[in-house]
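**Student:** output the structure for:
(chains A and B)
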Amino acid sequence: MEQRDDDKDILVRIQKGDHSAMAELISRYKSNLYSYLYRTVGQDCDDLFQETWIKVWENTPRFDIKRAFRPWLFTIASNLCKDYWRKKQTIYKYEKQKEESPGSTMKADPMDIKKALAELSAEQRNTLMLRYYEGFTETEIAGIMRCPQGTVKTRVFQAIRKLREVFKDNG
Amino acid sequence: MDKCEHIKNTITENYIGKKDLPADIRTHMVACSSCASYADDLYHVFEALESYSAVEPSDNLIRDTLCKIEEKAVKAREKTLRWKIGLAAVASLPFIIIIHLFWITVIPESVGLFSATWAMVLKYMMIVFSSLGMSIVYGSLPVIIGKYFSLQRR
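**Tutor:** Just a heads-up that it's a prediction; the model follows:
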């Protein structure tokens, strides 16, 4: 998705304290951001959605309006997802162990993309979401995730390879 | 990297970029079962990814988000107001001290610490400082009180 030129006007209005501009900005990016968060963290996306916009509002006075807004928005969201996964890691590992235990009768539905995505690491999933669904370039993702461009490429390929294996195993 | 490995990477990149496979790759896939099978697997993976459709946030969530931002904005304004009140108090303190010192040293001329000329200069300075201090304190009060009540009303 292209950066919208009139983002700048809205951001200037927010910097001047116009509260209605914030509603306009949220309305503009709500679908993209919410879908990204939903696909990345699942049911807890509501909290992260609110946190992302609060952080945007808090940091807009310091935001350089010459920069593109969309990558910045997703940098904030991506960092929140990272923190979320760090906190959830223990619970996630425990749930995964439970699913993999011999006594467990749970088996991934071959077409259940959610379960397949849960097999990916947080970084792989996050990178794939930004690359495939949000259409960011590898350079942009490298900026968002603060990692080398090569790492982005590797993560995307690893994610696809992993998904392919999951689908083959359950297919 | 062998040819098939290179082609598999190209297939992956094309799927990720949502582009059609180039003709030479398609030709290769007709002859190479490994690459054809790989492309077929990826087709299913990306079909599943595509099925994971976008979701819309509820109107309530948007409303709550805006309310939370408004709450934060009010808190930030109150914080600024408290800071201004504090600053006004701190700024008025030196004036109060200076005025106090003048009252105890200059006014009782009988102390004899200053000559008559210096006493007069210091008296005028006292008047100037007093006026300045009072104007800062009392001048800022209506603004601060006005802002405080306007914030309370919101």
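
**Student:** so what's B:Lys72 scoring on pLDDT?
**Tutor:** Confidence at B:Lys72, expressed as pLDDT, is 87.

**Student:** what's the burial count for it?
**Tutor:** Around B:Lys72 there are 13 other residues, counting by other Cβ atoms under 10 Å in any protein chain shown. To be clear about C-beta, it is placed using only N, CA and C from the backbone, and glycine gets the same treatment.

**Student:** got it, and A:Phe63?
**Tutor:** Other residues within reach of A:Phe63 by the criterion other Cβ under 10 Å amount to 14.

**Student:** isn't it right next to A:Leu11, touching?
**Tutor:** Yes. A:Phe63 lies in contact with A:Leu11 (Cβ atoms under 8 Å); the separation is 6.5 Å.

**Student:** put the alpha carbons of the helix or strand hosting A:Val56 into PDB.
**Tutor:** A:Val56 belongs to helix A:45-59 when elements are defined using DSSP states H and E. Only the C-alpha atoms of helix A:45-59 are listed here, as PDB (Å, rounded to 0.1, in the frame of the first residue of the first chain):
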ATOM      1  CA  CYS A  45      -5.400  -7.900  19.300                       C
ATOM      2  CA  ASP A  46      -7.900  -5.400  20.800                       C
ATOM      3  CA  ASP A  47      -5.500  -4.400  23.600                       C
ATOM      4  CA  LEU A  48      -2.600  -4.100  21.200                       C
ATOM      5  CA  PHE A  49      -4.700  -2.000  18.800                       C
ATOM      6  CA  GLN A  50      -5.500   0.500  21.500                       C
ATOM      7  CA  GLU A  51      -1.900   0.500  22.800                       C
ATOM      8  CA  THR A  52      -0.600   1.200  19.300                       C
ATOM      9  CA  TRP A  53      -2.800   4.200  18.800                       C
ATOM     10  CA  ILE A  54      -2.000   5.500  22.300                       C
ATOM     11  CA  LYS A  55       1.700   5.300  21.500                       C
ATOM     12  CA  VAL A  56       1.100   7.000  18.100                       C
ATOM     13  CA  TRP A  57      -0.700   9.800  19.900                       C
ATOM     14  CA  GLU A  58       2.000  10.100  22.500                       C
ATOM     15  CA  ASN A  59       4.800  10.200  20.000                       C
END
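
**Student:** hmm, it in reach of chain B?
**Tutor:** Yes. Applying Cβ under 8 Å from any Cβ of the partner chain, one finds helix A:45-59 in contact with chain B at A:Asp46, A:Phe49, A:Gln50, A:Trp53, A:Ile54, A:Trp57, A:Glu58.

**Student:** tell me which other helices or strands that helix touches.
**Tutor:** helix A:19-41, helix A:69-100, helix B:59-105 (3 or more Cβ pairs under 8 Å, 6 or more residues apart in numbering or on different chains; DSSP states H and E).

**Student:** joint contacts of A:Phe63 and A:Leu11?
**Tutor:** A:Phe69 (Cβ atoms under 8 Å, 6 or more residues apart in numbering or on different chains).

**Student:** for B:Thr12, give its distance to A:Ile113.
**Tutor:** 17 Å (Cβ to Cβ, to the nearest Å).
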